[in-house]
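Chemist: Dropping the sequence and predicted coords here.
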Amino acid sequence: MLNETYRAMLDHKSVIRETFMYGKQRAAEIGYENVFDYSLGNPSVPCPDKFTKAMQTLLAEEEPVALHGYCPSQGDPGFRTAVAAHLAKTFGLPYEQKDIFPTTGAAGAIAHAIRAVTKPGDEVLTFAPYFPEYGPYVEGTGAVLKVVPPQAPAFQPNLDAFEEMLTENVTCVLINTPNNPTGVVYSAETLSRLADILTEKSKVFGHNIFLVSDEPYRDIAFDGKKVPYPAAFYPHTLTCFSFSKSLSLPGERLGYVAVRPGCEGEDVLVDMMAQISRFTGHNCPPSIIQKATAECLDVTSDLSVYETNMDLLYDKLTELGFEVERPGGTFYIFPKALEEDANAFCLKAREFDLLLVPSDTFGVKGYVRFAYCIDTEKVKRSLPALEKLAAAYR
């Protein structure tokens with residue numbers, strides 16, 4: 001008998017992926033260069049040379065049986081040690097090897113982190129707009145995802161509504177900064193107040209509320225600013241990171257959970273996640289990718305192109321009268337649609353071969369997401385199409 005839960009998911013396919021596939025079909029009809037596909041957050045810059053050379057060296061010099069063999073359930077020790085040292089140096093917190101659990105990207109990190117600090121029936125709070133896959137990640141644990149309503153147009157977390165929704169059933173709060181889909185960076189003031197609320201409510205309820213911080217875009221920050229590090233504000237934080245964006249390695253599926261020193265359960269959480277991996281089929285990311293990435297923690301891809309692309313789009317959107325918050329990071333921008341129905345607006349945009357994603361999929365009405373991780377030249381060529389789209393609403 002087929003599992004009806006997963007069969008039902010076939011009727012709720014990703015709007016992002018559907019739009020991307022439409023773009024491939026349209027490109028076959030009129031040429032790739034004529035389709036302005038802003039649907040999918042797939043990095044458009046190459047990985048650093050240092051990573052490629054590290055891979056080549058490992059393959060040329062390491063003994064194959066050892067190189068390609070199983071690593072411990074907790075991950076490659078060298079990778080874990082290197083990540084802990086990098087975090088300690090970068091953020092001034094005394095991370096150690098025991099605090100790091102390698103995962104298959106940030107998705108694997110979030111899935112393990114939430115399983116480790118919830119039980120079926122517990123509530124997990126997140127803030128709209130949010131990455132839509134949070135729903136399946138949380139539901140797969142048996143916990144229940146509750147969404148705090150948005151605070152437009154700045155899209156900092158709505159902490160007044162959050163405080164009202166923070167009941168004793170909540171054991172975990174899931175945040176994402178810099179944020180997909182808005183590009184907004186949660187401010188130090190926001191994170192400080194969030195930490196104060198969590199600390200106060202934890203005392204009232206008699207149990208610590210964990211903060212799971214999803215940070216794959218941490219290294220893509222604009223205007224020379226640093227992204228505030230949530231774990232620096234609240235001790236019971238599990239940081240989920242991915243090298244998909246910082247090193248442009250989405251297909252290699254490598255990330256980690258970092259257990260903040262001083263967190264409840266610090267000495268057992270990584271071992272717990274290794275046990276979780278046994279029944280989820282996770283069983284560690286590939287050994288060679290862990291080893292190569294451990295040599296590259298002090299570099300990133302050339303991420304400057306994303307700020308260039310953002311400036312081009314932000315300037316044009318504001319010139320055309322769109323209501324839009326200037327992103328502080330990521331490779332997303334989130335303007336308000338020119339009609340109430342974002343889905344209808346995105347269908348209208350397709351008439352000009354502009355492929356956008358409606359905000360409904362992110363838990364918000366009336367906005368659209370541009371994923372501007374495409375060639376800068378193509379961004380420039382898309383601007384006349386954007387002008388035509390805006391003119392259609394005058």
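Modeler: The structure has been received and is ready for your questions. Keep in mind that this is a model prediction, so the values were computed, not measured.
Chemist: and the helix ranked longest in the chain, what does it pack onto?
Modeler: Assignment by DSSP state H gives helix 188-205 as the longest helix of the chain. Under the contact definition 3 or more Cβ pairs under 8 Å, 6 or more residues apart in numbering; DSSP states H and E, helix 188-205 sits against helix 159-165, strand 170-176, strand 210-214. Every C-beta, even on glycine, is put in place using the N, C-alpha and C of the backbone.
Chemist: Now it: buried residues?
Modeler: Neighbour-count burial for helix 188-205, with 16 or more other Cβ atoms under 10 Å as criterion, is recorded at T190, L191, R193, L194, A195, I197, L198, T199, K201, S202.
Chemist: for stretch 224-233, same thing?
Modeler: Buried-residue list, stretch 224-233, by 16+ other Cβ under 10 Å: V227, P228, Y229, P230, A231, A232, F233.
Chemist: Equivalent analysis for stretch 39-51, please.
Modeler: Applying 16+ other Cβ under 10 Å to stretch 39-51 flags S39, L40, G41, N42, P43, S44, V45, C47, P48, F51 as buried.
Chemist: ok, back up a step: any chance of the buried residues of stretch 224-233 in TSV, plus distance to V117 and pLDDT?
Modeler: Output for the buried residues of stretch 224-233, formatted as TSV (distance: Cβ to Cβ, whole Å; pLDDT from 0 to 100):
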residue	distance to V117	pLDDT
V227	23	97
P228	22	98
Y229	19	98
P230	15	98
A231	14	98
A232	19	98
F233	18	98
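Chemist: Helices of the stretch 51-200 of the chain, residue ranges please.
Modeler: Under the criterion DSSP state H, counting those that start in this stretch, helices of the stretch 51-200 of the chain are mapped to 64-67, 77-91, 105-117, 134-139, 159-165, 188-205.
Chemist: Give me the residues contacting the last one.
Modeler: Residues from elsewhere that reach helix 188-205 (Cβ atoms under 8 Å, 6 or more residues apart in numbering): 156-157, 159, 162-163, 166, 168, 173, 175, 177, 186, 208-209, 211, 228, 230, 233-234, 236.
Chemist: Show me the strands in the stretch 251-394 of the chain, by range?
Modeler: Under the criterion DSSP state E, counting those that start in this stretch, strands of the stretch 251-394 of the chain are mapped to 255-259, 332-333, 354-355, 357-358, 368-371.
Chemist: Any chance of the ones you listed in a markdown table with distance to V138 as columns?
Modeler: Shown next, in a markdown table, are those (distance: least, Cβ to Cβ, whole Å):
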| stretch | distance to V138 |
| --- | --- |
| strand 255-259 | 16 |
| strand 332-333 | 22 |
| strand 354-355 | 29 |
| strand 357-358 | 21 |
| strand 368-371 | 21 |
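Chemist: follow-up on the earlier one: what's the farthest-apart pair in the buried residues of helix 188-205?
Modeler: T190 and S202 (18.4 Å; Cβ to Cβ).
Chemist: doesn't Y22 fall inside a helix?
Modeler: Yes: counting by DSSP: H, G, I helix; E, B strand; the rest coil, Y22 is located in a helix.
Chemist: The residue nearest to it when sequence neighbours are not counted: what's it in contact with?
Modeler: Nearest residue to Y22, sequence neighbours excluded (Cβ to Cβ, 6 or more residues apart in numbering): L355, at 6.8 Å. Contact analysis of L355 by Cβ under 8 Å, 6+ apart lists T19, F20, Y22, G23, R26, V35, F36, D37, Y38, S39, C346, A349.
Chemist: Swap in 6 Å and give it another go.
Modeler: T19, G23, D37, Y38, S39 (Cβ atoms under 6 Å, 6 or more residues apart in numbering).
Chemist: Looking at the buried residues of stretch 39-51, which are in helices?
Modeler: F51.
Chemist: quick one: which of the buried residues of stretch 39-51 is nearest to E215?
Modeler: Using Cβ to Cβ, those come closest to E215 at G41, 14.5 Å.
Chemist: gap between the nearest residue to I114 once chain neighbours are set aside and I110?
Modeler: Once flanking residues are discounted, I114 sits nearest to T141: 5.2 Å by Cβ to Cβ, 6+ apart. Per Cβ to Cβ, to the nearest Å, T141 is found 10 Å from I110.
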